[in-house]
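Asks: Need the 3D shape of this:
(chains A and B)
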Amino acid sequence: MTVQTVDAPPTPAGQTGETRPGRRHRRDRTGIAYLFLSPWVCGALLLTVGPMLASLYLSFTDYDLFTSPSWVGFDNYRRLFSDDSRFLSSARVTATYVLFSVPLKLAAALVVAMLLNRPRRGQGFYRSAFYAPSLLGTGVALALVWRALFTDGGTVDSITGLVGWDTGGWINEPAYAIWVLVILAVWQFGAPMVIFLAGLKQIPQDLYDAAAVDGAGRWRTFRSVTLPMLSPIILFNLVLETIHAFQAFTPAFVVSGGRGGPSNSTLFYTLYLYERGFVQFRMGYASAMAWLLLLAVGLVTAVFFATSRRWVFYSGEAK
Amino acid sequence: MTTARERLKAIAWQALMVLLVLLLLYPVIWLLTASVKPADEILSSLSPVPSRLVPENYRTALDGVAGISVWRFFGNSVLVSVGAVVGNLISCSLAAYAFGRLRFRLRGPLFAFTLLTIMLPYHVVLIPQYTIFKQLDLVGSFWPLILPKLLATDAFFIFLMVQFIRGLPRELDEAAEIDGCGPVLTFRHIILPLLKPALITTTIFTFIWTWNDFFSQLIYLSDPESYTLPLALRLFVDQTSQSAYGPMFAMSVLSILPVLCFFLAFQRYLVQGIATSGLKG
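Replies: Alright, predicted model coming up:
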């Protein structure tokens, strides 16, 4: 059962707030509504909109937190792109991380959700068990475990050693260190999986029956029924996970001991931003980085939504 | 014939699931056993079973870091997390009632703005927020971690509660209105009691996410006396050598224990909460 919120038709000015008898009509509650919203309004202005504009301004200044900011125009941005190799490599590392961790995580989530989506005993238990890493994995503790698992002589090194591959510890190898973090991200596929699973349950059985009558095989059914019906949820998960991945910080900080090594291979964008802003107190520079991050996240999200017209199917849509 | 095949399929499915669970929970099991292993066995040994139990790991871990007991860090983490929970419950339910039920000017644009802030990277507001809290002389205290929650900046939970409120039958509000209840009384006596499942979901997620949070705590807390568990853990790692792996993982276990308990107690709410919030978009 769904209860739709039906807004009252627009009333001419001066009539708002009047309840006409015999007609369902919702009164304008602007006064009392803003009373309920007062904490939210304070937060939105003082902690969101205000700071956003302030950091945009700061990104054009030199600011060290202790003396007042001095205007430098586009210097920060220019320096970021022309002579800051650490910045460029941090952008590259984060792009790699997003590019691999998000699709792999979502693929794992979808595959396991489809495996799990059948009326078998233990389904609820497995669902919870698969979800557990999403809650535990974001903290410092599991990042420490990852560091130990992938260190020289650690579990992974010992296992690969059995087939004669002495890795020297993935966390010490610039070529492999990023994969330690990607694996840690993919391990937490439970959250999108739960959302996929709920979506799968809402696909009407008739569609599958019809596909079976038409003689569609398993792959064909997946391509023509499951994927289109699930596409709004894929978009939702894709946007959410991408935004999260861009902002990942704790795993890289813990695994690399806060430095982003070896050879900047785990220097996430946020890690470098932290270093500039809160270790070196170059707040103007860090603000410029924050705004570039916002632009990147906004751009990627915009691309998802712009292309979604082609690949997201909303049922009920005449097509 | 078909039933035999069906049974075989069911068994194969169960086997696959059990295998997957073991694989996924391996790091957690590894952590639990490492916390009671002798130091020299932690890294190299593939066997999850310790050759002998070393409860001293926990004794060392409880001693804490820099002369500060682990219970202090634990208490700090609890304080920050509970403060965040209280803040979110109050501010988000108030805002969600306004967005979900009341008709007011600018509702559409303001709600759209709220949804957009879910996607806003924290870093864009971080530095000015830090400056504000520094000027208020609150850096180093827990306020920078709790105050934003009291001001409903966790838009995700507003969204979750609005979705929930929109699913409640409107007849209840109308009946209350006929009985003479204004919005305040309707909120207090009709909406709030019915909102309970969403409030529980909010409580659990806020608690766990704040408990696990590292970045903002790293930025705002500088005095070891006010360190939370994640910060203490990091300090511990920085200050000790490899030989202290045992106590380090004992402390790690202590730091995930509340999350683990929350999860075991409320897993149904967690799974349902995340599914509904994601779907009804």
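
Asks: Nearest to chain B: which residue in chain A?
Replies: Here the residue of chain A nearest chain B is residue A:43; by C-beta to the nearest C-beta that distance is 3.0 Å. Where C-beta positions appear, they are placed from N, C-alpha and C, glycine not excepted.

Asks: so that residue touches residue B:92, yeah?
Replies: No. If you go by C-beta atoms under 8 Å, residue A:43 and residue B:92 don't touch, sitting 10.3 Å apart.

Asks: Looking at the two, which has the bigger crowd around it?
Replies: More crowded of residue A:43 and residue B:92, by other C-beta atoms under 10 Å in any protein chain shown: residue B:92, with 28 against 24.

Asks: Please, which helix or strand holds the more buried one?
Replies: helix B:70-101 (DSSP states H and E).

Asks: Also residue A:114?
Replies: Here residue A:114 sits within helix A:85-116, counting by DSSP H and E.

Asks: tell me which strands and helices that helix is in contact with?
Replies: In terms of contacts (3 or more C-beta pairs under 8 Å, 6 or more residues apart in numbering or on different chains; DSSP states H and E), helix A:85-116 is packed against helix A:75-82, helix A:123-136, helix A:177-187, helix A:190-201, helix A:227-246, helix A:269-274, helix B:2-34.

Asks: packing partners for the first one?
Replies: So the one you mean is helix A:75-82. helix A:85-116, helix A:283-311.

Asks: Can I get that helix in CSV, CA atoms only?
Replies: Listed in CSV are the C-alpha atoms of helix A:75-82, where the atom choice follows Å, rounded to 0.1, in the frame of the first residue of the first chain:
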residue,chain,number,x,y,z
ASP,A,75,47.8,30.8,-8.1
ASN,A,76,46.7,27.8,-6.1
TYR,A,77,45.0,26.2,-9.1
ARG,A,78,47.9,27.0,-11.4
ARG,A,79,50.4,25.5,-9.0
LEU,A,80,48.4,22.3,-8.5
PHE,A,81,48.4,21.6,-12.2
SER,A,82,51.8,22.9,-13.2
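
Asks: Can you point out the buried residues in it?
Replies: For helix A:75-82, burial by neighbour count (16 or more other C-beta atoms under 10 Å in any protein chain shown) applies to A:76, A:77, A:80.

Asks: Can you tell me what sits against stretch B:182-197?
Replies: A:29, A:32-33, A:36, B:93-94, B:97, B:101-102, B:161, B:164-165, B:168, B:172-173, B:176-177, B:181, B:269, B:273 (C-beta atoms under 8 Å, 6 or more residues apart in numbering or on different chains).

Asks: Narrow these to just the buried residues.
Replies: A residue is treated as buried here by neighbour count (16+ other C-beta under 10 Å); on that basis the buried members of those are A:29, A:32-33, A:36, B:93-94, B:97, B:101-102, B:161, B:164-165, B:168, B:173, B:176-177, B:181, B:269, B:273.

Asks: Tell me, what's the model's pLDDT at the residue nearest to the spatial centre of chain B?
Replies: The centroid of chain B falls nearest to residue B:208 when counting by C-alpha atoms, centre = their mean (1.9 Å). Here, the pLDDT recorded for residue B:208 equals 93.

Asks: Report the spatially nearest residue to the closest residue to chain A within the stretch 101-250 of chain B, omitting neighbours in sequence.
Replies: Sorted by distance to chain A under C-beta to the nearest C-beta, the residues of the stretch 101-250 of chain B start with residue B:151, at 3.0 Å. Spatially, and ignoring its direct neighbours in sequence, residue B:151 is nearest to residue A:43 (3.0 Å; C-beta to C-beta, 6 or more residues apart in numbering or on different chains).
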